[in-house]
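>>> Turn this into a model:
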Amino acid sequence: MIINHNLGAMNANRNMGINSSNANKSMEKLSSGLRINKAGDDAAGLAISEKMRGQIRGLDQASSNSQDAISLLQTGEGALNETTSILQRMRELAVQGSNDTLNTNDRGQIQKEMDQLVAETDRIGNNTEFNTKKLLNGGANVSGTSTVDQKALITGGTGDTVVGTVVTLTGSTLATKATDSRAAAFAANVVDTATSANMTINGTNFTFAAGTTSADVIKTINDAGVGVKASTTGTDLTLTSTAEGSASKFSSDATAIGLQVSKAGADATVAGAGSYTAQGNVVTVSSGAAKGLQFEVNAATAATVLTVTGNGTLNFQIGANENQMLNVGIADMRSAALGTAGIQVNDSATATTAITTIQKAIDTVSSERSKLGAFTNRLEHTIANLGTASENMSSAESRIRDVDMAKEMSTFSKNNILSQAAQAMLAQANQQPQQVLQLLR
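Okay, the predicted model is just below:
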């Protein structure tokens, strides 16, 4: 029997410490509901679960991003719905204007409404926004750079446009407006010193009394909103369309101020872009890697290099990781891009041509709306998939990180009982050395 080293007490004390520590760990897990509260609980499990947590939060944010993307697309599609209504009304007016039961004055009234509808189409295209981002002006599509931005600027494109494509323009000319000059239309600053003058511009009839000053003539024409701006130099009268390009057309007839004429402007021209079409100063490449690329010529130039840097500047992050994005391009939906700028219904022939032009514009808008609707439906499926992925990932992360409360409670009870038992045995072991006193009696 020894008294310097109470091995029984030492053993009981060690076990009591282990059991108390295990009981404390169980209480920590039970109070937090987590199996892993610090790296020491499960180093590998902590690393895996933290990575999963990052994925889960990324998936949830991607779902929110997709909801925002749907809102943006619905905003654009809603605006195009009104554009379609406008084009349908314009087509109706063109059909009405084709009927020769109307006289020139009647068609002039139709032209006034037509011009206002075209202006509203442009307003919708220029002002439709989502979170201050323009949607229908061609800017929400292909993006790129230009060596001389003030000469030619990329305004849009289609899904056919290849990123990295370089277009080298070796020359370009600006679109022109329809114009007509009437030499010596005014005598001594008046229309005619003896007789009045009648003049018809785009179906609108003007009657100027004898002695009307040239300034009054100019003001009357310009205030009428017939798509033509009048100006004078000396005794000459000049009429210029307000629009640019081949769509800018007008006709005028004046017995005392020149004979009947029909004038049209010319679209911009470029060299080095391959096959292309032009409407006003907006050029669209129709072949090659740059197919669909749209750019606006702002000044005549000898050389400009355009580089496509992105196809679809609307980049929606619809996944939890890098490059999990959806690129959506929205084409220019203004009158110049639709081909309705400067459209005329001043006689049966032009009105009939306008029917076909407007129908093409309707088809273009309908196609764009269908595309936006398709992307919207796709994003709805994306959101559903993201929700499923987040749920499954959360389940996997829970299995790693969360504690099984029933099992852990059983472990806690075991450790608590063992701790109490070790405490009781320690008390017994501490009493053993006192037995030596019995030998000394």
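
>>> Residue ranges of each domain in the protein, please.
The chain is divided into the following domains under automatic domain parsing: 1-29+413-441, 34-133+320-327+335-402, 179-264.

>>> Which of the helices or strands spans the residue lying closest to F412 once chain neighbours are set aside?
Spatial nearest neighbour of F412, chain neighbours left out: S26 (3.6 Å); criterion: CB to CB, 6 or more residues apart in numbering. C-beta coordinates here come from the backbone N, C-alpha and C atoms, glycine included. Assigned by DSSP states H and E, S26 belongs to helix 7-32.

>>> packing partners for that helix?
Helix 7-32 is packed against helix 405-431, with contacts defined by 3 or more CB pairs under 8 Å, 6 or more residues apart in numbering; DSSP states H and E.

>>> Could you count how many residues lie near I343?
Counted with other CB atoms under 10 Å, residues neighbouring I343 total 27.

>>> That one contacts A354, correct?
Yes - contact status for I343 versus A354: in contact at 5.1 Å, counting by CB atoms under 8 Å.

>>> Okay, helices next: where are they in the stretch 301-441 of the chain?
Secondary structure of the stretch 301-441 of the chain (DSSP state H, counting those that start in this stretch): helices at 335-338, 348-401, 405-431, 436-439.

>>> Let me see the contact set for A9.
Listed by CB atoms under 8 Å, 6 or more residues apart in numbering, the contact set of A9 reads L426, A429, N430, Q432.

>>> what does I36 give?
With CB under 8 Å, 6+ apart, I36 has these contacts: D42, G45, L46, S49, I400, R401.

>>> Show me which of those is closest to S66.
If you rank these by distance to S66 using CB to CB, S49 comes first, at 25.5 Å.

>>> Surely the closest one is in a helix?
Yes - according to DSSP: H, G, I helix; E, B strand; the rest coil, S49 belongs to a helix.

>>> can you pull the contacts of it?
I36, E397, I400, R401.

>>> coming back round to it: tell me which two of the contacts of A9 sit farthest apart.
Across the contacts of A9 (CB to CB), the longest gap, 10.9 Å, separates L426 and Q432.

>>> In terms of neighbours, single out the busier of the two.
Each of L426 and Q432 has its neighbours counted (other CB under 10 Å); L426 has more, 20 against 15.

>>> if I look at the nearest residue to that one once chain neighbours are set aside, how far off is Q431?
Nearest non-adjacent residue to L426, counting by CB to CB, 6+ apart: A12, 3.9 Å away. Separation of A12 from Q431 (CB to CB, to the nearest Å): 12 Å.

>>> buried stuff in stretch 44-56?
L46, I48, S49, M52, Q55, I56 (16 or more other CB atoms under 10 Å).

>>> where's the residue lying closest to the second one once chain neighbours are set aside relative to V142, distance?
For I48, the nearest residue in space outside its immediate sequence neighbours is I400; the separation is 6.0 Å by CB to CB, 6+ apart. To V142, I400 is 45 Å away according to CB to CB.

>>> higher neighbour count, the two?
Using other CB under 10 Å, the more surrounded residue of I400 and V142 is V142, with 31 against 16.

>>> How many neighbouring residues does the residue nearest to that one when sequence neighbours are not counted have?
Closest residue in space to V142, ignoring its immediate chain neighbours: G157 at 2.8 Å, by CB to CB, 6+ apart. For G157, the tally of surrounding residues (other CB under 10 Å) stands at 30.

>>> Is G157 in contact with S286, as I believe?
No - G157 is beyond contact range of S286, at 11.7 Å (criterion: CB under 8 Å).

>>> What separation do you get for the residue nearest to I48 and Q116?
Computed as CB to CB, the I400 to Q116 distance reads 65 Å.

>>> related to what we said a few turns ago, need the residues touching each of A12 and Q431.
Common contact partners of A12 and Q431 (CB under 8 Å, 6+ apart): none.

>>> ok, those two, which is more surrounded?
The residue with more neighbours, out of A12 and Q431, is A12; 21 against 12, by other CB under 10 Å.

>>> mind listing what that one touches?
By CB under 8 Å, 6+ apart, A12 lies in contact with A422, M425, L426, Q428, A429.

>>> Out of those, which is nearest to K371?
Relative to K371, the closest of the contacts of A12 is A422; by CB to CB it sits at 74.1 Å.

>>> For that closest one, which non-adjacent residue is closest in space?
Using CB to CB, 6+ apart, the closest residue to A422 is M16 (3.4 Å).

>>> Now do the same contact list for that neighbour.
Neighbour list for M16: S419, A422, Q423, L426 [criterion: CB under 8 Å, 6+ apart].

>>> ditto for A175
For A175, the contact set (CB under 8 Å, 6+ apart) comprises E244, G245, G265, A266, D267, A268, A278, G280, N281, V297.

>>> next one: phi and psi at the closest residue in space to D41 that isn't next to it in sequence?
Using CB to CB, 6+ apart and skipping the chain neighbours, the partner closest in space to D41 is R35 (6.7 Å). Dihedral pair for R35: phi -80, psi -30, per degrees, to the nearest 10.

>>> My understanding was that R35 contacts E397; is that so?
No - using CB under 8 Å, R35 is not in contact with E397, being 11.4 Å away.

>>> What ranges does the stretch 101-250 of the chain have for its strands?
Applying DSSP state E, counting those that start in this stretch to the stretch 101-250 of the chain gives strands spanning 129-130, 133-134, 143-146, 152-156, 166-169, 171-173, 179-182, 197-201, 204-208, 228-233, 236-241, 249-254.
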